[in-house]
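>>> take a look and give me a structure for this.
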Amino acid sequence: MEEREFVQAVSERTGLSRQESADLTRATLETLAHRLSGGEDRALERELPEGLAESVRRGATSAIEAFSYAETVRRVAERNMLKKGEADSGVRAVLVTLRDAISEKEFGNLMSQLGSDFSQPVEDFAG
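Predicted structure coming up:
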């Protein structure tokens with residue numbers, strides 16, 4: 001999936017503009033990368049188009065941070081000046097779009113590193 005298609009899918013799922021969706025996608029990927037091991041962030045990068053892979057690289061750290069889904073939403077909302085509900089919908093949309101954009105194996109690896117509190121928002125997403 002091309003970056004343009006990815007952002008368009010997020011936009012359609014959230015109702016946000018293309019620019020808001022692009023900003024939200026970058027912020028979400030950077031924030032999620034803080035939770036991933038070095039091997040997992042590189043594996044995710046390989047399956048994403050360059051612009052999105054760059055967001056993962058920017059967020060990658062040598063020390064994995066442990067934070068919840070709710071904290072992910074808070075960070076994305078703060079960074080993009082969104083309301084909590086908009087950020088929640090956005091993070092869910094990015095995760096669902098990732099599920100469509102990367103291999104099933106890689107998505108499973110990603111979700112196992114993110115933790116169980118990330119699975120329910122993806123399953124419940126109605127966007």
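>>> and the lengthiest helix in the chain, what's buried?
The longest helix of the chain (DSSP state H) is helix 84-101. Neighbour counts using 16 or more other Cβ atoms under 10 Å place 86-99, 101 of helix 84-101 among the buried residues. For the C-beta atoms, the positions are set from N, CA and C on the backbone; glycine is no exception.
>>> and the next helix or strand past that helix?
Moving toward the C-terminus from helix 84-101, the next helix or strand (DSSP states H and E) is helix 104-114.
>>> now tell me what touches that next one from outside.
Contact with helix 104-114 is made by 32, 35-37, 40, 43-44, 47, 69, 98-99, 102, 118-119, 122, as judged by Cβ atoms under 8 Å, 6 or more residues apart in numbering.
>>> residue ranges for the helices of this structure, please.
Here the chain has its helices, by DSSP H, at 3-14, 18-33, 38-47, 50-59, 69-80, 84-101, 104-114, 116-124.
>>> as a markdown table, those helices with mean pLDDT would be great.
Below are those laid out as a markdown table (pLDDT from 0 to 100):
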| stretch | mean pLDDT |
| --- | --- |
| helix 3-14 | 96 |
| helix 18-33 | 96 |
| helix 38-47 | 91 |
| helix 50-59 | 94 |
| helix 69-80 | 95 |
| helix 84-101 | 95 |
| helix 104-114 | 93 |
| helix 116-124 | 83 |
